[in-house]
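J.: build me a model:
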Amino acid sequence: QGQLVEFGGGLVQAGGSLRLSCPAVSGRSSDVHWRGWLRRAPGKERERVAAVNTYGSTLYAGSVKGRFNISLEDAKNPLYLQMNNLQQGDTGMYYCAARDYGVVEYNYWGEGTQVTVSS
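T.: Have a look, this model is predicted:
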């Protein structure tokens with residue numbers, strides 16, 4: 001962990017919005033195929049939230065579909081996660097991750113940024 005850095009976490013009331021960002025993998029942008037966001041809620045397993053590949057295909061967890069939007073201009077630019085209508089169940093540590101072509105699991109990770117949604 002530590003090759004990536006997340007920005008934008010914080011405390012927000014339920015119904016509010018936050019935008020997370022994560023710069024590109026330094027010096028390796030052309031090797032990266034998928035970039036995504038994962039989160040770990042207190043007492044729970046880490047789960048995938050959203051992902052996007054270099055062709056623009058996106059994947060979302062069912063719990064965030066319609067509320068979160070992942071975006072990426074190109075491989076050299078930051079990855080964003082726009083989170084709208086946040087709920088208390090969205091509270092957790094959010095991690096930026098990336099994986100190279102030909103790699104099954106994410107092989108670049110950030111240290112995480114905390115998102116806390118209050119009632």
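
J.: endpoints of stretch 92-106, how far apart?
T.: Stretch 92-106 has an end-to-end distance of 19 Å (criterion: C-alpha to C-alpha, to the nearest Å).

J.: likewise stretch 55-75?
T.: End-to-end for stretch 55-75, by C-alpha to C-alpha: 10 Å.

J.: center of the protein - which residue?
T.: By C-alpha atoms, centre = their mean, the chain has its centre lying nearest to Trp37, at 2.1 Å.

J.: pretty sure that residue sits against Gly92.
T.: No: using C-beta atoms under 8 Å, Trp37 is not in contact with Gly92, being 10.8 Å away. In short, each C-beta sits where N, CA and C put it, glycine included.

J.: buried ones in the helix or strand containing the residue nearest to the centre of the chain?
T.: Per DSSP states H and E, Trp37 falls inside strand 32-40. Using 16 or more other C-beta atoms under 10 Å as the test for burial, strand 32-40 gives Val32, Trp34, Arg35, Gly36, Trp37, Leu38, Arg39.

J.: ok, back up a step: separation between the residue nearest to the centre of the chain and Val103?
T.: The spacing between Trp37 and Val103, counted by C-beta to C-beta, to the nearest Å, is 18 Å.

J.: name the residues that touch stretch 24-34?
T.: 3-4, 51-54, 75-79, 98-103, 106, 108 (C-beta atoms under 8 Å, 6 or more residues apart in numbering).

J.: ok so, going back, could you give the angle of the helix or strand following the strand holding Trp37 to strand 32-40?
T.: Next in sequence after strand 32-40, counting helices and strands by DSSP H and E, comes strand 46-53. Orientation check (axes from the mean of the first three to the mean of the last three C-alpha atoms, to 10 degrees): strand 46-53 against strand 32-40 gives 150 degrees.

J.: packing partners of strand 46-53?
T.: strand 32-40, strand 58-60, strand 68-72, strand 79-83 (3 or more C-beta pairs under 8 Å, 6 or more residues apart in numbering; DSSP states H and E).

J.: could these go into CSV alongside distance to Gln114 and mean pLDDT?
T.: Output for the helices and strands packed on strand 46-53, formatted as CSV (distance: least, C-beta to C-beta, whole Å; pLDDT from 0 to 100):
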stretch, distance to Gln114, mean pLDDT
strand 32-40, 10, 95
strand 58-60, 21, 97
strand 68-72, 17, 96
strand 79-83, 13, 97
